[in-house]
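Colleague: give the three-dimensional model of this entry:
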Amino acid sequence: MALLPETARRVDALVTRAQAEGRGPSVALGVVRAGSLAHLALAGDHPVSDADLQYRIGSISKTMTAVLVMQQRDAGRLALDDPLDKHLPGTPAGALTLRQLLGHASGLQREPDGRWWERTEGVDLGTLVAGLTPEKIAHPPHRAYHYSNLAYGLLGGVLERVTGTPWADLLRERLLEPLGMRRTTYHPTEPYARGYVVHPWHDTLREEPRTDTGAMAPAGQLWSTVADLARWAAFLADPAPDVLAPATLTEMCAPVVISDLDSWTGGHGLGVELYRVGDRVYVGHGGSMPGYVAGLAVHRPSRTAVVDFANSYGLRAGHHVVELARQVLTLVLDAEPAPPAPWRPAGPPAPELAELTGRWWWMGMEYEFRPDPAGDLVGGPVGRPLLRFSPEGPDRWRGRSGSQDGEILTVLRDGAGRPVALDIATFVFTRDPDEVP
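Modeller: Prediction:
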């Protein structure tokens, strides 16, 4: 669904301004709605861009590495609380868990040994692991958020050891091919934008190297396009179940650590960054490699996302591609909120569900429960259906959301078999507000 003309004009204006003031050789941005690329905004002519032009996506690669890890977890080949030593034995970081590495809560140092890995040819896994020393643990685990590229190099090694398949091959087989991301590649494939550093005084361009980062590739190697990254954004909004269970992606989007303790506007889940903008939470990631910056921001409830690229190492005058992605995403959501789903009449609920619907009372407060088309019982304070319970056995329901997630609802009956109370994790709801449970 294309953007309305006025929304599209405002998006184009933001991208044009970011390119001009930020002195980016080219900037490309795509808006994704309901699984499809809804708008393409382009600015700059070095080169003239389009939806099929490759840019380097840097650390957005980490989101794909994280999904590969979660696939192996779901298949039972590893556990998130496995220590690193179980899969890469003999390192001084062996007590750190895969969960901590995924969420940047391990305390592991940001970079591996040697020269800046993003700008030099990479080493193999054995050399990367051999460079680990006790000093690489900068903080005790979970003491604070500490972003670590090194952690993702090690996670790539874990994947290789668990599957027997190199990370790049596993990525292609398990993600890129199933999702039709044919223009997302390990090495640049024409047509691609050359990446530059813009001289601060002369406005001249210095072309940057396009390195093979070796064992650090799972942290930032990949190249992609607006069209392909739009497919990835659509997946993060609403995953294909044959690639990753939706519940697993939801798990990935829960915070492992808050990165901004002063205002709680940012955090990190299992491989995805979390951004709070007003009352909304976006998931995504930023990326940078020498000569390139990229952004990805997804609003999962509305299946709306923004992806963007620039082929310079950052933008000037206070512009930032990840902030640009969030700004455009907020603009689109504010200007074109998703229409509510139309109401449709429902079929009769199952008897065991129907008898639990209606008004219940707890501590003088009124709750309302209704049947859900999926066969669940949903409800909460009147007008606020915050709770969901799924049937688990006779008179037994399991909480699936909100404060009662995982808790048990037990139906209490009188001598005639009529439901007279709901025991929700020891809180007893009755039909009569004057009845004391």
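Colleague: just after the strand or helix carrying residue 72, pick out the following helix or strand.
Modeller: Per DSSP states H and E: residue 72 is located in helix 61-74. With elements assigned by DSSP H and E, the helix or strand that comes after helix 61-74 is helix 98-102.
Colleague: any idea how far that next one is from the chain center?
Modeller: In terms of C-alpha atoms, centre = their mean, to the nearest Å, the centre of helix 98-102 is found 15 Å from the chain centre.
Colleague: output the contacting helices and strands for the next helix or strand after it.
Modeller: With elements assigned by DSSP H and E, the helix or strand that comes after helix 98-102 is helix 125-130. Under the contact criterion of 3 or more C-beta pairs under 8 Å, 6 or more residues apart in numbering; DSSP states H and E, helix 125-130 touches helix 149-163. Placement of C-beta: from N, CA and C, glycine included.
Colleague: the helix holding residue 72 vs helix 149-163, what angle?
Modeller: In terms of direction (axes from the mean of the first three to the mean of the last three C-alpha atoms, to 10 degrees), helix 61-74 departs from helix 149-163 by 40 degrees.
Colleague: for helix 61-74, packing partners?
Modeller: helix 98-102, helix 149-163, helix 167-171, helix 217-220, helix 226-237, helix 246-252, strand 280-289.
Colleague: doesn't residue 298 lie inside a strand?
Modeller: Yes: per DSSP: H, G, I helix; E, B strand; the rest coil, residue 298 lies within a strand segment.
Colleague: kindly state the beta-bridge partners for it.
Modeller: residue 283, residue 305 (DSSP bridges).
Colleague: okay, buried residues for the helix holding residue 72 please.
Modeller: Under the neighbour-count criterion of 16 or more other C-beta atoms under 10 Å, helix 61-74 has 61-73 buried.
Colleague: list the contacts of it.
Modeller: 78-80, 98, 102, 152, 155-156, 158-159, 162-163, 167, 170-171, 174-175, 217-222, 232, 236, 243-245, 248-249, 251-252, 270-272, 284-285, 287, 296 (C-beta atoms under 8 Å, 6 or more residues apart in numbering).
Colleague: please pick the buried ones from the residues you listed.
Modeller: For the contacts of helix 61-74, a burial check counting by 16+ other C-beta under 10 Å picks out 78, 80, 98, 102, 152, 155-156, 158-159, 162-163, 167, 170-171, 174-175, 217-222, 232, 236, 244, 248-249, 252, 270-272, 284-285, 287, 296.
Colleague: look up how far residue 113 lies from residue 144.
Modeller: Counting by C-beta to C-beta, to the nearest Å, the separation of residue 144 from residue 113 is 23 Å.
Colleague: outline the domain layout of this structure.
Modeller: Annotated domains of the chain cover 5-335, 351-430 [automatic domain parsing].
Colleague: what's the first-to-last distance across the last one?
Modeller: In this case it means domain 351-430. Across its full length, domain 351-430 reaches 19 Å between end residues, using C-alpha to C-alpha, to the nearest Å.
Colleague: list the helices and strands the strand or helix carrying residue 19 packs on?
Modeller: Element membership of residue 19, judged by DSSP H and E, is helix 5-22. If you count contacts as 3+ C-beta pairs under 8 Å, 6+ apart, helix 5-22 packs onto strand 27-33, strand 36-43, strand 304-310, helix 321-335.
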